[in-house]
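# Structure for this input, please:
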Amino acid sequence: MKKSYVLFFLVSFVYSCMLSQEASNEKLKIFIEGKVLDFNYMRNNIPFVSFVNDPQASEVHVIITRQITGGGGFLFTLEYNSMEFPNVPKLRLTCKTFSFDTKMIIKEKLVKTLQAGLLPFFNEKNGMQEIDIMR
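Numbers count the residues shown, from 1 in each chain. The predicted structure follows:
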């Protein structure tokens, strides 16, 4: 009888450990708000997050605004807000593009800036276990 209790306890302990590992390895849920953005490009090039359509369901809410610079380029401002991660302070990053940048270069710069801003949140959630930082 004691063996069955011990076995039951071990099985339930291992199962709960597996569930907690799976929960911690979930993708970060983000909601992006902005105009004139290529959301498909972002979804395809940021694999470590899940994009959600409801800001209430997100863990990180990113607001992207765009201004035209004097040289004809754009200045993107990315504001990161989260109620889920109180240890991460509010974050604001900027991304500057030039008038001679192609649409693809603008998309790449914006995605790299977006990824850089998400790293503190991802670190709080998963401990940076599944991220490879490459050039």
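
# does the closest residue to I46 other than its chain neighbours sit in a helix, a strand or a coil?
Nearest non-adjacent residue to I46, counting by CB to CB, 6 or more residues apart in numbering: Q115, 6.0 Å away. For the C-beta atoms, the positions are set from N, CA and C on the backbone; glycine is no exception. With DSSP: H, G, I helix; E, B strand; the rest coil as the basis, Q115 sits in helix.

# And stretch 58-65, what's buried?
58-62, 64 (16 or more other CB atoms under 10 Å).

# Need the phi and psi values for K125.
phi -80, psi -50 (degrees, to the nearest 10).

# Show the contacting residues for it.
24, 26, 28, 59, 85 (CB atoms under 8 Å, 6 or more residues apart in numbering).

# For the third one, list each beta-bridge partner.
Spelled out, that is L28. For L28, the beta-bridge partners under DSSP bridges are V49.

# Give the full set of residues in contact with it.
Counting by CB under 8 Å, 6+ apart, L28 has contacts 48-50, 59-60, 118, 121-122, 125-126.

# Same list (these) but as TSV, adding pLDDT and distance to G72.
As requested, these are exported to TSV (pLDDT from 0 to 100; distance: CB to CB, whole Å):
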residue	pLDDT	distance to G72
F48	86	34
V49	92	32
S50	94	36
E59	95	36
V60	95	31
L118	93	29
F121	92	33
F122	87	34
K125	86	39
N126	78	40
